[in-house]
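> how does the following fold in three dimensions:
(chains A and B)
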Amino acid sequence: DAGVIQSPRHEVTEMGQEVTLRCKPISGHDYLFWYRQTMMRGLELLIYFNNNVPIDDSGMPEDRFSAKMPNASFSTLKIQPSEPRDSAVYFCASSLMAGTYNEQFFGPGTRLTVL
Amino acid sequence: GQQLNQSPQSMFIQEGEDVSMNCTSSSIFNTWLWYKQDPGEGPVLLIALYKAGELTSNGRLTAQFGITRKDSFLNISASIPSDVGIYFCAAPFGGSQGNLIFGKGTKLSVKP
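Numbering: from 1, shown residues only, chains lettered A, B, ... in the order given. From the prediction side, this is the model:
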């Protein structure tokens, strides 16, 4: 099992540019989550999907952020236009609906730097 | 809103020492989770707790679900250098087992 795959691992861009982060969840998992991690705010849930449908996007900071899941094996998080305060590590996680708690498996993250 | 308060924020210990950290909240949770994050990686689940008072071990790690359901504790015995990392408590909220809130983490450094 390859685990959750994220690309790119590192992204450096200039303010105003569009940024697209990609995630491939573990095969068969029906939940997908996007998190952002910063020193100041820690790990924050941005949005999550169930069976490719967005369930809760209340954590998305503003309209510059959007996320899609066109199929069960792929999701994107897009920032347009990017700003320096968007610099953070972005994690994707997936889980399988079963049992009392659905363990979330995290990808290695994408470190985004906006200059 | 709901918040998980972890302490201490960081710890510097000698190899072989035991470690204790905790997580508290003003809210009640039905599940408590402990994750570890290695440098440059995503968090990995260590222990899940489902019942008030529950004590669960995973090797040298032991975690407890507080009786009040507002806190949880993690202990590491006989620390080794590979225990280095950030330890997070987390709990599901909002009626959904998939929606997690995380504490700010305890950063552990182990001196050989």
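> for the chain, which residues score under the pLDDT cut-off?
I'll assume chain A. Low-confidence segments of chain A (pLDDT under 70): A:1, A:98-101.
> could you do chain B instead?
The model of chain B has pLDDT under 70 over residues B:1, B:94-98.
> longest strand of it, counting residues only.
strand B:85-92 (DSSP state E).
> that one close to chain A?
Yes. For strand B:85-92 and chain A, the contact criterion (C-beta under 8 Å from any C-beta of the partner chain) is met by B:F88, B:P92. (Glycine included, C-beta is placed from N, CA and C.)
> tell me the bridge partners for A:I79.
A:I79 has the following beta-bridge partners by DSSP bridges: A:V19, A:F65.
> hang on, it packs against A:S87?
No. The criterion here is C-beta atoms under 8 Å, and A:I79 misses it with A:S87 at 10.6 Å.
> those two - which one has more neighbours?
Each of A:I79 and A:S87 has its neighbours counted (other C-beta atoms under 10 Å in any protein chain shown); A:I79 has more, 22 against 16.
> name the nearest residue to the residue of chain B found nearest chain A, ignoring sequence neighbours.
Of all residues in chain B, B:G42 sits closest to chain A, with a separation of 3.0 Å (C-beta to the nearest C-beta). Leaving out its chain neighbours, the residue that sits closest to B:G42 by C-beta to C-beta, 6 or more residues apart in numbering or on different chains is A:F106, at 3.0 Å.
> any idea what the one you found is bridged to?
Under the criterion used (DSSP bridges), A:F106 bridges to A:A93.
> over to the one 4 residues further on?
Counting by DSSP bridges, A:T110 forms beta bridges with A:Y90.
> and A:Y31, how far from A:P61?
For A:Y31, the distance to A:P61 equals 21 Å [C-beta to C-beta, to the nearest Å].
> interface residues of chain A facing chain B?
So chain A meets chain B at A:4, A:31, A:33, A:42-45, A:48, A:50, A:55-56, A:91, A:93, A:95, A:97, A:100-104, A:106-109 (C-beta under 8 Å from any C-beta).
> which among those residues count as buried?
Among those, those buried by neighbour count (16 or more other C-beta atoms under 10 Å in any protein chain shown) are A:4, A:31, A:33, A:42-43, A:45, A:48, A:50, A:56, A:91, A:93, A:95, A:101-102, A:104, A:106-109.
> my guess is A:E11 meets A:V19, correct?
Yes. With contact defined as C-beta under 8 Å, A:E11 reaches A:V19; the gap is 6.2 Å.
> what touches both of these two?
Common contacts of A:E11 and A:V19, defined by C-beta atoms under 8 Å, 6 or more residues apart in numbering or on different chains, comprise A:L112.
> work out the gap between the helix or strand just after the longest strand of chain B and the centre of the chain.
The C-terminal neighbour of strand B:85-92 among helices and strands, as given by DSSP states H and E, is strand B:100-102. With C-alpha atoms, centre = their mean, to the nearest Å as the basis, strand B:100-102 stands 12 Å off its chain's centre.
> equivalent analysis for stretch A:34-53, please.
6 Å.
> quick one: residues contacting whichever residue of chain A sits closest to chain B.
Per C-beta to the nearest C-beta, A:F106 is where chain A lies closest to chain B, at 3.0 Å. Residues in contact with A:F106 (C-beta under 8 Å, 6+ apart) are A:V4, A:Y35, A:F91, A:C92, A:A93, B:E41, B:G42, B:P43, B:V44.
> now B:P43, nearest residue through space, not along the chain?
B:Y35 (3.9 Å).
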